[in-house]
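**Q** Compute the structure for the input listed below.
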Amino acid sequence: MVRTAINKLISTYAIFVLLWFIHNRLFQDTWWGIVVLDKFAEYFLVASIPVFLLSLVSRHTFTVFLALLPVVITGYFYMPLLSPLSANAPGNVSGNISGDGSASVTSESSDRFRVMTYNIWNHNKDLQAVSDIIQSLDADVVALQEITEDQRSMVVSELSPIYPYFHISKPILGGTTALFSRHPLHNITELDFDIDRPAVIADMDWAGTRVTVVSAHLNPSFWAYYQQPWQRIPGNYHQYIKDQNQQADMIIDALKLRNESKAKFLACDCNSQETASTNKLLRS
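**A** This next block holds a predicted model:
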């Protein structure tokens with residue numbers, strides 16, 4: 001009786017995950033419920049390992065096979081996060097480039113271009129600690145997110161002696177984006193999405209190589225439900241992912257115009273899970 005109940009539980013879970021995965025790959029973002037499932041998929045995918053171990057107790061071959069499917073699906077999304085980045089693998093993001101513009105993951109060497117991204121949090125009062133962390137990592141360029149007008153002067157006074165070239169985008173509710181660099185910034189653009197925080201895009205020259213860096217902060221789902229009437233939340237959730245994808249498309253289009261750049265870095269608080277369509281779009 002207990003074993004039968006376990007088999008039903010495992011089968012239900014495995015079929016649910018499989019159907020969700022098929023929809024995620026083929027019909028993503030078609031309605032707000034799937035957007036919510038995609039955003040919180042990590043919470044039901046984390047059960048895949050315990051469910052698989054439980055299936056071994058059943059001693060039923062087909063149940064074990066079904067339980068293995070969610071494990072494989074979980075690995076599909078999250079194993080790349082555990083694997084060392086390949087220098088030239090598409091979809092991988094690296095903070096370093098060598099002098100010829102090729103990507104690299106080596107960060108200890110001084111002949112590597114180093115990019116840091118840091119959401120300093122708009123309610124942060126300990127900006128001295130923020131500065132200490134940034135200086136300790138010794139990056140060539142630092143992308144910051146959530147700089148408020150109250151924080152602005154302190155951030156500039158702390159970082160400008162080391163990063164004399166900087167651009168902070170227009171003030172905005174919740175804090176804005178910025179780039180601080182050791183190298184002169186060229187062709188600076190504020191990409192105004194008319195949705196949420198703008199992005200800062202700038203070129204710089206390093207070791208004879210033109211490099212482009214973007215500091216961005218994509219629209220969070222927080223605004224979809226924060227202080228919102230419950231009846232508006234479903235539509236808001238659907239809109240938030242559309243807004244994120246619009247922001248991602250605009251960033252991609254803007255980077256395509258930077259033809260002289262040998263390497264382009266998106267330094268971002270992207271608010272995007274591995275299972276979300278925005279993440280898929282950016283990795284493409």
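
**Q** Would you mind listing the outside residues contacting the helix or strand encompassing residue 12?
**A** Using DSSP states H and E, residue 12 sits within helix 2-26. By Cβ atoms under 8 Å, 6 or more residues apart in numbering, the list of residues contacting helix 2-26 from outside reads 30, 34, 37-38, 41, 44-45, 47-48, 51, 54-55, 57-58, 60, 63, 66-67, 69-70, 73, 275. Bear in mind the C-beta positions are built from the backbone N, C-alpha and C, glycine included.

**Q** now do stretch 258-271
**A** 93, 95, 97, 100-101, 103, 113, 115-117, 119, 141, 143, 145-146, 187, 201, 203, 209-221, 244, 251, 255, 278-279, 282.

**Q** One more: stretch 124-139?
**A** With Cβ under 8 Å, 6+ apart, stretch 124-139 has contacts from 95, 114-116, 118, 120, 142, 151, 154-155, 158-159, 162.

**Q** By neighbour count, which of those wins?
**A** When neighbours are taken as other Cβ atoms under 10 Å, the top entry among the contacts of stretch 124-139 is residue 142 (25 neighbours).

**Q** What's the mean pLDDT across stretch 177-186?
**A** The pLDDT scores in stretch 177-186 average 96.

**Q** okay, that stretch in CSV with CA atoms only?
**A** This file holds the C-alpha atoms of stretch 177-186, laid out as CSV (Å, rounded to 0.1, in the frame of the first residue of the first chain):
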residue,chain,number,x,y,z
THR,A,177,23.3,52.0,-12.9
ALA,A,178,26.9,53.0,-13.4
LEU,A,179,30.3,52.1,-14.8
PHE,A,180,33.6,52.9,-13.1
SER,A,181,36.8,52.3,-15.0
ARG,A,182,40.5,52.5,-14.8
HIS,A,183,40.6,53.2,-18.6
PRO,A,184,39.0,56.1,-20.4
LEU,A,185,35.4,55.5,-21.5
HIS,A,186,34.4,56.2,-25.0
